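Novice: Provided below are the primary sequence and the corresponding predicted coordinates.
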Amino acid sequence: MTINPPANSICGAQDMAAWCWTGSGTLVSVREAAIGARGFLERLGMSKDECSKWELLLTEAGNNAVIHDVEGCRGEALEVHLLAGGHRILARVIDHGEGFDWPVSVELPDPSKESGRGLYLIQTLSDVVDYQRGASGNTLIMERQCETFPDLHGGQASSELEETLDEMTEELAGCYESLSALFRFTEESRTDGSIEEMGLNLLRSLAAVTGSDCGVLCLLSPDTGELKRVASLAVPTEDHWFSTPESEEIERTALRSRKDQWIASGPDAAFLSGANPPASGLAHPFFDNDEPVGVLTLARLHRADPLRAGEVNVIRTLSEFFMQRVMSFRFQKSLIETQLNRRELELAAGIQKSLLPMSMPSVPGFSAVGHCESALAVGGDFYDAFHRENGGVIFAIADVMGKGVGASMVAAITRAAIRSAVAHFETPAEMLKHAGGLLFDDLDRLEMFVTVVIGLVDPERGVVEIANAGHCPVLLAGADGVILSAEPLGVPIGLEPDPEITQSSFPMAEGSCLLAFTDGLIDPRASRNFESPEAVAEWLKANAANGPTAEEVKEALLDRLRDDSDAAPLSDDQTFLVIARDPSPLEPN
């Protein structure tokens, strides 16, 4: 049989009448086709009951075609053909999607389930059903006698079956309303600027579908795990149940049990005890990868009938969509924060690098070099070296308690305090004592301390003066192989408001080498280190022979620290400073 009238048209031949519709394969178009078919049958004089059954049949047939279009053909032409005459009506629904396998037996599904109802309605309301699935398209053929309706339930009274179908038809109408709410919510959510705004739109959409008077939406804080309200709709005064322990308990129960919690009123009801009956509703928890995200609660204050399966389904569907949007919001926020943190760390690392001397002071007969490597992007170690106005070279090395941006900020103010002290005092001990006094209040408030060494190399006298406040010993290797050590004779700055600082003085003869370092070189947690200050001294003794330059000592030390190719990342900052005095030139024979 071939019917080829224009789209959305009616044609008749003798005692037969035909109608054809062509449109896009969308749920909205399916509804348009079903309403058009009903109008065609009404104009033929069919009864209201017969028209309603065909509207339902064509709606379900078209929905199945759209839903099973999983291969990307959605939007292609969908055709509906009706032929009426001879006390029967025949319909064909043609689509170009992937199609599906028609089940061998179509049974009435459980009332709590949505899937399967469409096929049951088609099978029950049709006298003849034939589904043809093909590569070029799929065709569903349905036929009904105009004046008869078979009893397909083995003795079930026709009135009971009609009542069941009426209830299903009513619920189907609710599904269309739910579908409209879904489309409206998803469209509005594209422009929502915050989770709170999107949550309020969610409550409004669900209230319209379920007839709820009020609702709340709560999310678990990803930081504290606390359940916080992010949106509420038409919540009455504070004495209402939404602000009582009962409402909080139903939310906690939903999350704990991972199941919907039904709200009911009456003498035996656990919830809504503060509401005037009748009342009904639902608390629905939602999750992301099995991790709880939040709970949505809706209440109807003047209806005792429970939510229908279709209403519960749309609550779950929109909650799932909302959850995905929440996770997207949080991911975007986390991504922005990560980018900002990375930028801040880059700036901090740049600032920290700028605190290190761009070049070491040049003194005839001496060479100096430094190295600073942070365990994190930034750290609390630094070294400094510069000429003193009235002669000599000042050097400093320090280690701030802790790591990261906070330690780097304290390192910056420590460096500034040291440079300020150098301008007003003559000896390293005086400089260190003054800097410690300047920094005490700030360090005490922060509960931090800094170990510091300040030294003065006097080339004219050939000596080095060192003040050590709780820092690692400063080692001086002589050309004769003797190791001298400037031990920490004072406490770290930040522990006492007026620290006692003493200093040591050592000859720095030709061919000698000074090494100052932070405790990252002797950190027992890392493999890229020495076991103790004594091990560092032994290494310096072996590698300072023959008067190497400061650069040569630095490269040898870095080779020693990195000689383990499988070493773990640094657990502490590693910083050191090398100052070497050239050996005396060989006299000619």
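Specialist: Yep, that arrived. Please read these numbers as outputs of a predicted model, since none were measured by experiment. Numbering: from 1, shown residues only.
Novice: contacts, neighbours, all on C-alpha from now
Specialist: OK.
Novice: need the contact list for the residue nearest to Gln132 when sequence neighbours are not counted.
Specialist: In space, and not counting its chain neighbours, Gln132 is closest to Thr139: 5.1 Å by CA to CA, 6 or more residues apart in numbering. The contact partners of Thr139, taken as CA atoms under 8 Å, 6 or more residues apart in numbering, are Arg92, Val93, Ile94, Asp95, Tyr131, Gln132, Arg133.
Novice: distance of Thr139 from Ile35?
Specialist: Distance check for Thr139 against Ile35: by CA to CA, to the nearest Å, it reads 20 Å.
Novice: and Gly402, by the same measure?
Specialist: Gly402 is 73 Å from Ile35, by CA to CA.
Novice: again, but for Glu447
Specialist: For Glu447 relative to Ile35 (CA to CA), the value is 76 Å.
Novice: just Ala234 next, same as before
Specialist: In terms of CA to CA, Ala234 sits 36 Å off from Ile35.
Novice: more crowded one of the two?
Specialist: Ile35 (18 against 12; other CA atoms under 10 Å).
Novice: next one, pLDDT for the more buried one please.
Specialist: pLDDT for Ile35: 90.
Novice: other SSEs contacting the one helix or strand it maps to?
Specialist: Using DSSP states H and E, Ile35 falls within helix 27-43. If contacts are counted by 3 or more CA pairs under 8 Å, 6 or more residues apart in numbering; DSSP states H and E, helix 27-43 sits against strand 16-24, helix 48-67.
Novice: what angle do it and strand 16-24 make?
Specialist: 160 degrees (axes from the mean of the first three to the mean of the last three CA atoms, to 10 degrees).
Novice: give me the buried positions along helix 27-43.
Specialist: Leu27, Ser29, Val30, Arg31, Ala33, Ala34, Ile35, Gly36, Ala37, Arg38, Phe40, Leu41 (16 or more other CA atoms under 10 Å).
Novice: just put the residues you listed in a markdown table and tack on distance to Ser334.
Specialist: Output for the buried residues of helix 27-43, formatted as a markdown table (distance: CA to CA, whole Å):
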| residue | distance to Ser334 |
| --- | --- |
| Leu27 | 37 |
| Ser29 | 41 |
| Val30 | 42 |
| Arg31 | 42 |
| Ala33 | 47 |
| Ala34 | 47 |
| Ile35 | 48 |
| Gly36 | 50 |
| Ala37 | 52 |
| Arg38 | 53 |
| Phe40 | 57 |
| Leu41 | 58 |
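Novice: which member of these is positioned nearest Pro497?
Specialist: Set against Pro497, the nearest of the buried residues of helix 27-43 by CA to CA is Leu27 (78.2 Å).
Novice: what's near enough to touch that closest one?
Specialist: If you count contacts by CA under 8 Å, 6+ apart, then Leu27 has Gly62, Asn63, Val66 around it.
Novice: which member of the residues you listed is positioned nearest Gln574?
Specialist: Val66 (65.5 Å).
Novice: roughly how far apart are that closest one and Asp49?
Specialist: 26 Å.
Novice: equivalent analysis for Met323, please.
Specialist: Distance from Met323 to Asp49, by CA to CA: 42 Å.
Novice: the two: which is more packed in?
Specialist: Met323 (20 against 9).
Novice: and the contacts of Thr139, which is closest to Thr224?
Specialist: Of the contacts of Thr139, the one sitting nearest to Thr224 (CA to CA) turns out to be Asp95, at 51.7 Å.
Novice: phi, psi of the closest one?
Specialist: Main-chain dihedrals, Asp95, degrees, to the nearest 10: phi -130, psi 170.
Novice: and His302, by the same measure?
Specialist: Torsion angles, degrees, to the nearest 10, at His302: phi -130, psi 20.
Novice: isn't it up against Gly281?
Specialist: No: His302 lies out of contact with Gly281 (CA atoms under 8 Å); the separation is 10.5 Å.
Novice: so which of the two has more stuff around it?
Specialist: Neighbours were tallied for His302 and for Gly281 using other CA under 10 Å; the higher tally belongs to Gly281 (29 against 15).
Novice: can you classify that one by secondary structure?
Specialist: strand (DSSP: H, G, I helix; E, B strand; the rest coil).
Novice: the closest residue to it other than its chain neighbours and Leu203, how far apart?
Specialist: Nearest non-adjacent residue to Gly281, counting by CA to CA, 6+ apart: Ala299, 4.2 Å away. From Ala299 across to Leu203, the span is 11 Å (CA to CA).
Novice: so what sits against both of these two?
Specialist: Gly215.
Novice: for this protein, what helix or strand is lowest in average pLDDT?
Specialist: strand 9-13 (a mean of 42; mean pLDDT, DSSP states H and E).
Novice: residue ranges of each domain in this structure, please.
Specialist: Domain segmentation of the chain under automatic domain parsing yields 9-150, 188-333, 356-581.
Novice: and these, which is most packed in?
Specialist: The highest mean neighbour count among the domains of the chain, using mean count of other CA atoms under 10 Å, belongs to domain 356-581: a mean of 19.
Novice: what's the span of stretch 205-225 from first residue to last?
Specialist: Distance across stretch 205-225, first residue to last, is 27 Å (CA to CA).
Novice: mean confidence for it?
Specialist: Averaging pLDDT residue by residue across stretch 205-225 gives 85.
Novice: same question, stretch 84-91
Specialist: Mean pLDDT, stretch 84-91: 87.
Novice: per-residue confidence at Gly266?
Specialist: 56.
Novice: Ala375 against Asp523, yeah?
Specialist: No: Ala375 is beyond contact range of Asp523, at 11.8 Å (criterion: CA under 8 Å).
Novice: so who does Gly370 touch?
Specialist: Tyr383, Lys554, Thr575, Phe576, Leu577, Val578.
Novice: between the buried residues of helix 27-43, which sits nearest Gly490?
Specialist: Nearest to Gly490 among those: Leu27, at 81.8 Å, using CA to CA.
Novice: reformat the helices and strands packed on helix 27-43 as a markdown table; add distance to His434 and mean pLDDT.
Specialist: Listed next are those as a markdown table, based on distance: least, CA to CA, whole Å; pLDDT from 0 to 100:
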| stretch | distance to His434 | mean pLDDT |
| --- | --- | --- |
| strand 16-24 | 84 | 87 |
| helix 48-67 | 80 | 87 |
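Novice: about what we covered before: quick check: which of the domains of the chain is nearest to Asn341?
Specialist: So among the domains of the chain, domain 356-581 is nearest, using CA to CA, at 10.5 Å.
Novice: measure the closest one end to end?
Specialist: For domain 356-581, the end-to-end distance is 22 Å (CA to CA).
Novice: what strand or helix carries the residue most central in space within the chain?
Specialist: The structure's the chain has its C-alpha centroid closest to Phe331; by CA atoms, centre = their mean the separation is 3.3 Å. Per DSSP H and E: Phe331 is located in helix 309-355.
Novice: what's that helix packed up against?
Specialist: Helix 309-355 packs on helix 158-189, helix 195-210, strand 280-288, helix 404-422, going by 3+ CA pairs under 8 Å, 6+ apart.
Novice: for Ala207, which non-adjacent residue is closest in space?
Specialist: Asp213 (6.7 Å).
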